[in-house]
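# next come a sequence and a model predicted from it.
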Amino acid sequence: MLGLDSAGKTTVLYPKGISCHFWDVGGQEKLRPLWKSYSRCTDGIIYVVDSVDSDRLEEAKTELHKVTKFAENQGTPLLVIANKQDLPKSLAVAEIERQLALQELSPSTPYHIQPACAIIGEGLTEGMDKLYEMILKRRKTLKQKKKQR
């Protein structure tokens, strides 16, 4: 789980009923070089953005695109959680998707953007369900490719 500092990553982990192993990696600028080590060889990446902090979306975009361009992350399913959707000045999901330039990601990288309010858990189950579906689809595809060799 990655995202800039104060995006709400840790809050996303609070809801009960999710059984996964997560690396909640800090979002401060000095910790971001570590993201490569924690994101490689994972089944999926969760990237949390603050829907209200429009001033930092360009920075969030830059960091997200760096992570998804690592060779080890090519094709890794991506769940973008548009957090803090309950707040008055939150950007619409379509606008966040546009500003993060998700359509510019590699065609091999499946993604889903999920509106959420992590503090009450709204949208998190739906997002995790979608990530799980993408992970299963990728595993099936990789398994079929192995068989063809």
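Happy to help now that I have it.
# shaky segments in the protein?
Filtered on pLDDT under 70, the chain yields the residue ranges 1-41.
# can you do 50?
For the chain, applying pLDDT under 50 flags the ranges 16-17, 32.
# all the helices of it, in order from the start?
Ranges of helices in the chain, per DSSP state H, are 9-12, 35-39, 57-69, 93-99, 124-148.
# right, so these: which one is the most enclosed?
helix 9-12 (a mean of 20; mean count of other C-beta atoms under 10 Å). All C-beta spots, glycine's among them, are computed from the backbone N, C-alpha and C.
# can I get the helices of the chain in TSV with distance to residue 109?
Output for the helices of the chain, formatted as TSV (distance: least, C-beta to C-beta, whole Å):
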stretch	distance to residue 109
helix 9-12	20
helix 35-39	12
helix 57-69	6
helix 93-99	14
helix 124-148	10
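# select, out of the ones you listed, the one closest to residue 48.
The stretch from these with the least distance to residue 48 (C-beta to C-beta) is helix 9-12; that distance is 4.7 Å.
# if I pick the residue lying closest to residue 54 once chain neighbours are set aside, what's in contact with it?
Of all residues not flanking residue 54 in the chain, residue 91 sits nearest, at 5.9 Å (C-beta to C-beta, 6 or more residues apart in numbering). Residue 91 is in contact with 51, 52, 54, 57, 82, 99, counting by C-beta atoms under 8 Å, 6 or more residues apart in numbering.
# in stretch 104-112, what's buried?
For stretch 104-112, the neighbour count (16 or more other C-beta atoms under 10 Å) marks 105, 109, 110, 111, 112 as buried.
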